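Student: I'll drop the sequence and a predicted model, then ask my questions.
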Amino acid sequence: MKIMKIYGLVAMAVAFTLSLSSCSSGDKNSGETGVKVVKKEVTADIETAKVTAGVTDDAADDPAIWVDFDSTYNSMIIGTDKTQGLVTYDLSGQELGFYSLGRVNNVDVTYNFPINGDTIDLVGATNRTTNTLTLMKINKENKTLEEISVREFKSELKEVYGFCFYKSPETSVYYAIMNSKDGGLEQWELMNADTGIDAKVVRSFDVGGQVEGLVADYETTHLYVGEESGGIWKYWAEPDSGTIRKKVKNSDSTNVQLKYDIEGITLYYADGGKGYLIASSQGNNSFALFEREGDNRFIGTFKIVEGLVDGAEDTDGIDVTNIPLGSQFPHGLFVVQDGYNYQDDNMESQNFKFISWKKVAEATEPPLIIDTQYRVEY
């Protein structure tokens with residue numbers, strides 16, 4: 001959970017830099033024998049227009065990358081302004097549209113939902129004003145968002161918070177998954193209702209402590225849930241899978257490279273079941289990398305520091321894609337929320353930063369995978 005800091009402390013945090021370092025096998029920082037831990041700094045390529053909120057308001061929160069597979073250079077970033085609604089941006093960071101929906105907290109996208117003999121791409125979000133699930137259709141022709149729900153999807157959670165989509169590779173059924181600050185989780189099945197989309201709750205359970213970050217693996221069927229002060233839990237995403245879970249090793253306080261809160265989490269897909277689980281370690285302004293396969297081996301951390309634009313601190317939501325997005329991001333894109341947005345020495349309202357995946361990949365030794373050919377089956 002974001003805590004606004006005194007300006008002087010913020011300035012110190014922005015000025016602070018961490019030099020490239022590595023730890024030998026068995027170092028206590030790694031938590032695993034034989035893991036070479038790497039910390040490095042990368043810079044952002046582009047920043048979005050700032051959200052229309054006060055300089056000290058905690059407003060921008062979570063981004064989602066929508067890929068236009070017909071013309072990837074026309075892809076969009078969809079961000080939450082959790083004081084007002086959703087904002088869309090092009091790949092240069094310019095605002096495309098604003099949707100006044102209420103206090104929308106977390107957002108995700110999914111593709112090819114079947115409806116009335118056609119398919120549509122969906123945007124989903126948690127709406128804290130109405131304590132509901134918000135669903136919208138992406139109009140590919142004019143890059144706008146349109147209401148698609150046939151009714152209000154009122155949650156039984158105390159206060160909706162984190163969000164992700166999931167499509168079962170076994171049944172091709174789509175789900176919307178929400179959690180709440182008090183640790184509750186709901187899984188909703190999405191259904192074609194002729195005039196739009198209907199939904200029903202098919203699973204609910206309690207995670208424990210305060211949670212927010214959510215991401216589902218469309219191939220392995222895992223569901224990752226970020227407990228802000230407890231690390232990342234690995235569940236199964238199928239609705240009949242119960243509450244069996246496992247803690248992702250080195251995602252909690254045993255790893256001295258991380259510092260609570262654990263906020264946004266996302267997945268980088270690559271061929272052969274490979275790729276990465278990425279988490280925002282908000283307490284020390286860093287991003288943690290884990291392997292996507294197996295037991296999610298911890299790789300290391302990196303920070304986003306000042307370059308062409310300012311760096312990213314106190315980050316909430318994140319998203320990533322391996323898909324090349326035109327000439328702007330030919331190696332894929334990593335997007336993060338920036339809790340302290342600066343223009344020169346002046347603090348401004350929050351925004352989002354765009355970072356080439358190639359920069360992130362080259363922040364470790366050996367470099368991470370860059371797989372621009374692989375397409376996950378959404």
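Tutor: Nice, thanks for sending it over.
Student: quick check: mean pLDDT of stretch 127-134?
Tutor: For stretch 127-134, mean pLDDT rounds to 98.
Student: again with stretch 239-254
Tutor: Mean pLDDT, computed over stretch 239-254, is 96.
Student: list the buried residues of it.
Tutor: Neighbour-count burial for stretch 239-254, with 16 or more other CB atoms under 10 Å as criterion, is recorded at Pro239, Arg245, Val248, Lys249, Asn250, Ser251, Asp252. Where you see a C-beta, it was placed from the backbone N, CA and C, and this is true even at glycine.
Student: wasn't the first one part of a helix?
Tutor: No - counting by DSSP: H, G, I helix; E, B strand; the rest coil, Pro239 is not part of a helix but coil.
Student: just read off the phi/psi values of it.
Tutor: phi -70, psi -20 (degrees, to the nearest 10).
Student: go on, the fourth one?
Tutor: For Lys249, the backbone dihedrals are phi -60, psi 140 (criterion: degrees, to the nearest 10).
Student: next: the third one.
Tutor: Backbone geometry at Val248, expressed as degrees, to the nearest 10, gives phi -70, psi 120.
Student: for the nearest residue to it once chain neighbours are set aside, pull up the helix or strand it's in.
Tutor: Counting by CB to CB, 6 or more residues apart in numbering, the nearest residue to Val248 once its immediate chain neighbours are dropped is Ile232, at 4.1 Å. Element membership for Ile232 (DSSP states H and E) is strand 231-236.
Student: direction included, what does that strand pair against?
Tutor: Partners of strand 231-236 in the sheet, by DSSP bridges, are strand 222-227 (antiparallel), strand 246-247 (antiparallel).
Student: and the lengthiest strand in the chain, what does it pack against?
Tutor: Longest strand in the chain, counting residues (DSSP state E): strand 104-115. With contacts taken as 3 or more CB pairs under 8 Å, 6 or more residues apart in numbering; DSSP states H and E, strand 104-115 sits against strand 60-66, strand 76-81, strand 85-89, strand 118-127, strand 160-167, strand 184-192.
Student: for the longest one, list every residue counted as buried.
Tutor: It refers to strand 118-127. Applying 16+ other CB under 10 Å to strand 118-127 flags Ile120, Asp121, Leu122, Val123, Gly124, Ala125, Thr126, Asn127 as buried.
Student: tell me the contacts of the last one?
Tutor: When contacts are counted by CB atoms under 8 Å, 6 or more residues apart in numbering, Asn127 touches Leu101, Gly102, Arg103, Val104, Asn105, Leu133, Thr134, Val160.
Student: could the strands paired with strand 231-236 go into a markdown table alongside distance to Glu141?
Tutor: As requested, the strands paired with strand 231-236 are exported to a markdown table (distance: least, CB to CB, whole Å):
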| stretch | distance to Glu141 |
| --- | --- |
| strand 222-227 | 33 |
| strand 246-247 | 44 |
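Student: and Asp57, how many residues sit next to it?
Tutor: By other CB atoms under 10 Å, 15 other residues sit near Asp57.
Student: where's it relative to Asn284, distance?
Tutor: Look at Asp57 and Asn284: by CB to CB, to the nearest Å, they are 23 Å apart.
Student: what's the answer for Lys167, then?
Tutor: Remark: distance between Lys167 and Asn284 (CB to CB) = 34 Å.
Student: the more surrounded of these two?
Tutor: With neighbours defined as other CB under 10 Å, Lys167 and Asn284 compare such that Lys167 has more, 20 against 16.
Student: tell me how far the closest residue to the more buried one other than its chain neighbours lies from Phe69.
Tutor: Excluding its sequence neighbours, the residue lying closest to Lys167 (CB to CB, 6+ apart) is Tyr174, at 5.0 Å. Using CB to CB, one obtains 18 Å as the distance from Tyr174 to Phe69.
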